[in-house]
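Engineer: Predicted model follows, preceded by the sequence.
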Amino acid sequence: MMDNKGQLSAEYLLLAGVLIIIVMLAIVFVASENELNMAMSAARNGAIEGIGTSSLALYPIDTYNEYSNSKSSLLHPYSVDIVNVSYVDMGMDKNYNKKKIQFKVYAKTSNEYSKSELDSIGDRINYNLRKSIAICFNSNSSTNKLYNPVFSPHYVFTTANIKWV
């Protein structure tokens, strides 16, 4: 009888050990996915903020002065819509030893703008997108003033040019 009780305890210990290993492996995967989900949420919020400030023609003084000289149509309120925000896994970045993720924003506008003006609008959207990610991961001090690239514990984030549809 003693052998049966000892065997049962050993089976429970083995089962508990296997379950602990499975949970530990799952935590690593879930933490990585959670980091990407946080970055995607921050990217969407940043893109919307970028559209909001640009659409209302709210610019820093140096940008306002530049637009006064060459892009005066951007000094008046305009409408831009986000169609999609997505990301692409670019693999391991050897410079930072982190996975590189590139965000791409698809947007549309009903107004007719030159390529230069669309690039300026896109730059404002991408700037705010990267800034939002930097704030989300509290990595403002580890990036430059344009927030390019932005860092999180396991990833380095960049943006592609806005795709106008």
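Structural biologist: On my side now, so go ahead.
Engineer: Can I get the longest strand seen in the chain in CSV, CA atoms only?
Structural biologist: Counting residues, the longest strand found in the chain (DSSP state E) is strand 80-93. Presented in CSV, the C-alpha positions along strand 80-93 are these (Å, rounded to 0.1, in the frame of the first residue of the first chain):
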residue,chain,number,x,y,z
VAL,A,80,-7.3,63.6,-43.8
ASP,A,81,-8.7,60.2,-43.0
ILE,A,82,-6.7,57.2,-41.7
VAL,A,83,-7.5,54.1,-43.8
ASN,A,84,-5.2,51.6,-42.0
VAL,A,85,-2.3,51.4,-39.7
SER,A,86,-0.2,48.2,-40.0
TYR,A,87,3.3,47.0,-39.2
VAL,A,88,5.8,44.7,-40.8
ASP,A,89,8.4,42.6,-38.9
MET,A,90,11.7,43.5,-40.5
GLY,A,91,13.7,40.8,-38.6
MET,A,92,16.5,41.4,-36.2
ASP,A,93,18.3,44.7,-36.2
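Engineer: ok, residues contacting it?
Structural biologist: For strand 80-93, contacts defined as Cβ atoms under 8 Å, 6 or more residues apart in numbering pick out 36, 39-40, 43-44, 47-48, 51, 54-55, 98-109, 121, 125, 129, 156, 165. Heads up, the C-betas are built off the backbone N, CA and C, glycines and all.
Engineer: Okay, now the sheet partners of whichever helix or strand comes after it, with direction.
Structural biologist: Sequence-wise, the next helix or strand downstream of strand 80-93 (DSSP states H and E) is strand 98-109. Using DSSP bridges, strand 98-109 pairs in its sheet with strand 80-93 (antiparallel), strand 155-159 (parallel), strand 163-164 (parallel).
Engineer: can you redo these as CSV with mean pLDDT?
Structural biologist: As requested, those are arranged in CSV below (pLDDT from 0 to 100):
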stretch, mean pLDDT
strand 80-93, 94
strand 155-159, 95
strand 163-164, 94
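Engineer: Which element, helix or strand, includes the residue nearest to Ile121 when sequence neighbours are not counted?
Structural biologist: Counting by Cβ to Cβ, 6 or more residues apart in numbering, Ile121 lies nearest to Ser54, which is 5.6 Å off, once chain neighbours are set aside. Under the criterion of DSSP H and E, Ser54 resides in helix 2-55.
Engineer: Need the distance between the two termini of stretch 107-119.
Structural biologist: Stretch 107-119 has its terminal residues 12 Å apart, counting by Cα to Cα, to the nearest Å.
Engineer: One more: stretch 107-124?
Structural biologist: Start and end residues of stretch 107-124 are separated by 13 Å (Cα to Cα).
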